[in-house]
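*Asks:* sequence first, then the predicted structure, then my questions.
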Amino acid sequence: MPQDPRDRIPDVRDGLTRVERIILHALHRLEQEQGGRAVPTAMLYGHVVEQVNLRPDEFQDLLARLVGRRSP
């Protein structure tokens, strides 16, 4: 899957990139499917990489940013 550099540019409306928006949308959808229960990170990653080319370490960094934690 070719990677578009525009996927990493923050949107002026809310500061989210396209990739971050995909992660949040997938998380929301999976939480609904799970009946509000927590979604395993591996499951979320599997759904995200169906839409965008993302290495596991990139995914972890973005997820940590979205939940307000810094990666070591």
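*Replies:* The structure has been received and is ready for your questions.

*Asks:* what residues are up against the residue positioned nearest the centre of the chain?
*Replies:* Closest residue to the average C-alpha location of the chain: residue 23 at 2.4 Å, with C-alpha atoms, centre = their mean. Applying C-beta atoms under 8 Å, 6 or more residues apart in numbering, one finds that residue 23 lies in contact with 44, 48, 59, 62, 63, 66. Quick note: C-beta positions are derived from backbone N, CA and C, even for glycine.

*Asks:* just the buried ones from those residues?
*Replies:* Burial by neighbour count, 16 or more other C-beta atoms under 10 Å: within the contacts of residue 23 this picks out 44, 48, 59, 62, 63.

*Asks:* correct me, but the third one touches residue 45?
*Replies:* Right, the one you point to is residue 59. Yes - A contact is recorded between residue 59 and residue 45 when judged using C-beta atoms under 8 Å, the distance being 5.3 Å.

*Asks:* so where's the longest helix in the protein?
*Replies:* For the chain, the helix that runs over the most residues, judged by DSSP state H, is helix 18-33.

*Asks:* tilt between the next helix-or-strand element following it and helix 18-33?
*Replies:* Sequence-wise, the next helix or strand beyond helix 18-33 is helix 41-48, with elements assigned using DSSP states H and E. Taking axes from the mean of the first three to the mean of the last three C-alpha atoms, to 10 degrees, one finds helix 41-48 and helix 18-33 inclined to each other by 120 degrees.
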